[in-house]
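In: The following block contains a protein sequence and its predicted model.
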Amino acid sequence: MLGVNSLSIQFGGNFLFDNVSFVVRERDRIGLIGRNGNGKSTLLKIISGIQNPEQGNVSFPNGYRIGYLPQDLDSVSDKNVFDEASEALIEIKNLERRIDFLTNELNTRTDYESDEYSKIIEEMTESHERFDMLGGGAADSIVEQILVGLGFIREEFDKAVVAFSGGWRMRIELAKILISKPDLILLDEPTNHLDIESVIWLENFLKVYDGALMIVSHDRRFLDIVTNRTIEIFRGKIYDYNLPYSKFIEQRQEQREIQISAKKNQDKQIAQTEKFIERFKAKATFASRAQSRVKMLDKMEKIEVEDEDTSSMQFRFPEPPRSGRLIAEFKNLNKHYGKKHVLKDLEFGLERGERLAFVGKNGEGKSTLSKILAGIESFDGEVENGHNVKLGYFSQHQAQLLEGDYTVFEIIDNAAQGDMRSKVRSLLGAFLFSGDAVYKKVKVLSGGERARLALAKLLLEPINFLIMDEPTNHLDMIAKDVLKNALLEFTGSIVIVSHDREFLEGLTNKTIEFKAGKIKEYPGDLSEYLQLRQIENLDELEKNKSVKVEERANNKSEYKDRPKDTQKNNQKDISRVEKSIKEKEIEIAEVEYYITTVEHDLANPDNFKDIEKTKKLNQVYQESKNKLGKVMADWERLQAELDTFMIN
């Protein structure tokens, strides 16, 4: 167990934490949330021992181990991938050496009855238990499993770490933490450098991890799947609930509404009491009562409604100029990086109004093709550019490349032209840069602030073709929502490279999958793409069903040759099961209709005012869904029983 005790630290004259305390228990899965700049990364650094607080401390037992993954890495190893990841096995290697030493001691000593001999046996037992718990007998396979899960292929294990990009080096660092199995894992935006498949793998790994987790992430779904507790940092305080992110937000909102209601009632009571005091304080017969009311007000504990941070970016893209039907078309497109053939003979086109999501594992060419579309990456092949295409390009790396010694104001002012020069301050204000904040140097900005500044720069000219490469990295939840809404209103063409499933849902109308240098188009947004991928797998099941049907047809002659009594009994059983199936189908239809009516009630905004009614509706809805699942299971069992009778 780890304790954060009376922690305080200031930045720029304001408290990031003011006398904050909490405990991290064994197997806690904590989502650490808050707006950009509220101190989430600072708290992780303090817990990991990298940074010291002004007041307070962090306490934990002897031997307690912490693994910390920051947002950025400074050092680069000269080892290969497998050897670098295996560095995390240091405890296993030390245990192996210690067990060998103890084994040799036991083999050479003859003082079997001595206390020293007993202590050696005791230490040997403990060392073996720890060795087994860490998976020491299969250490190399653990390293391989985790590297593959995080997206590496086995052919890359012997490749030097220095040859990989920063994102892939972050994966190696994450692998080392997972391999070492610390008591507490601290992860600062771990999904920023992962593709969707690796994110899903990490979710499954962390769900069953035998230790505690504290995760900073702006990925709602990731937090909901992995965490069971949420700590919000807000204006120097923390709000701590044993709930995953979405339920935490609901609980906080419900609590705030209760506070507001209670404060209104208290304010009304105070106003009535003050009115009574004012009216009767001068009258002798009521003076004592008025005085008692004064004392009551003095003793009354005033209800304070928690502050609410309602600040958010406010922007929409300028009305795009009309382009031609064709935005860009490539024929026989190829891209090499040295010997690596990233994109192979692609035939790719984009038309006006299309909104594409690029998905696939990292290194498959998503960012490369987006840069080719943006005109900042060379390639081999033919290209036809569309008429009157006005391009806007945003990438997470672009935000990091903003000139560090310039101020926020200078970045926008230097890029603004014409009428936009007079609108620089209002534009910056819309992106939460106001007052003295516009004179902050870029190099002191947080990742989220840099991302907001890069987005503001993007709005200086009207565009009709927008390319965005991981635009949500470093943006907090509210900023992500604002960006998504602005993109939904944008009427131009869009290409988005992102691993953020929730952000992509409903935003695009076509999904492009990158794999082995090729691309494959899927209609619809990310949700439809994932469903289609599942359907493709189910096609195999359909083939198996076809085989079974054919087998049944071949078995019909056998059925005719059976004794009549057996056929008669079989027919009775078939009729009975078919009747039960029809009954279940009627029941399914009834439950589904009832669920639809409840969903309609849940969607009615008027019901939101009554928390108890909403809770009851949610309870009824969940019970109905559970009932539907049970009836469906019964229906499937009866179908299987019918299949058995038909075959037999």
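Out: Cool, the structure landed. All of these numbers come straight from a predicted model, not from anything done at the bench.
In: roughly how far out does stretch 144-152 sit from the chain middle?
Out: Remark: stretch 144-152 is offset 19 Å from the chain centroid, using C-alpha atoms, centre = their mean, to the nearest Å.
In: Kindly provide the whole-number mean pLDDT of that stretch.
Out: In this model, stretch 144-152 has a mean pLDDT of 89.
In: which outside residues touch that stretch?
Out: Outside stretch 144-152, the residues that touch it by C-beta atoms under 8 Å, 6 or more residues apart in numbering are 81-82, 85, 154, 157, 168, 171-172, 174-175, 178-179, 194-195, 197-198, 201-202, 205, 361-363. Any C-beta I mention is one placed from the backbone N, CA and C, and that applies to glycine too.
In: Buried only: go through those residues for me.
Out: Those of those that meet the buried threshold are 81-82, 85, 157, 168, 171-172, 174-175, 178-179, 194-195, 197-198, 201-202, 361-363, by 16 or more other C-beta atoms under 10 Å.
In: Looking at those residues, which are in helices?
Out: Judged by DSSP state H, those include 81-82, 85, 168, 171-172, 174-175, 178-179, 197-198, 201-202 as members of helices.
In: residue ranges with poor pLDDT in the stretch 251-400 of the chain?
Out: For the stretch 251-400 of the chain, the stretches with pLDDT under 70 are 280, 282-287, 289, 303-313, 396, 398-400.
In: quick one, strands of it?
Out: 326-337, 340-351, 355-359, 380-385, 391-395 (DSSP state E, counting those that start in this stretch).
In: Of all the residues in the fourth one, which ones are buried?
Out: Neighbour-count burial for strand 380-385 flags residue 381 (criterion: 16+ other C-beta under 10 Å).
In: elements contacting it?
Out: In terms of contacts (3 or more C-beta pairs under 8 Å, 6 or more residues apart in numbering; DSSP states H and E), strand 380-385 is packed against strand 326-337.
In: got the domain boundaries for this structure?
Out: By the assignment in automatic domain parsing, the chain contains the domains 77-181, 249-299, 326-530, 555-647.
In: and the ones in helices among the buried ones among the contacts of stretch 144-152, which two are the farthest apart?
Out: Greatest spatial distance among these (C-beta to C-beta): 82 and 197, at 20.7 Å.
In: hang on, the earlier thing: could you dump the domains of the chain to a markdown table with distance to residue 242?
Out: Shown next, in a markdown table, are the domains of the chain (distance: least, C-beta to C-beta, whole Å):
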| stretch | distance to residue 242 |
| --- | --- |
| domain 77-181 | 24 |
| domain 249-299 | 10 |
| domain 326-530 | 20 |
| domain 555-647 | 18 |
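In: For residue 496, what is the enclosing helix or strand?
Out: Residue 496 is part of strand 493-497, with elements assigned from DSSP states H and E.
In: related to what we said a few turns ago, to residue 5, which of the strands of the stretch 251-400 of the chain lies closest?
Out: Nearest to residue 5, of all the strands of the stretch 251-400 of the chain, is strand 391-395, at 41.5 Å by C-beta to C-beta.
In: I figured residue 395 was touching residue 367, is that so?
Out: Yes - using C-beta atoms under 8 Å, residue 395 is in contact with residue 367, at 7.4 Å.
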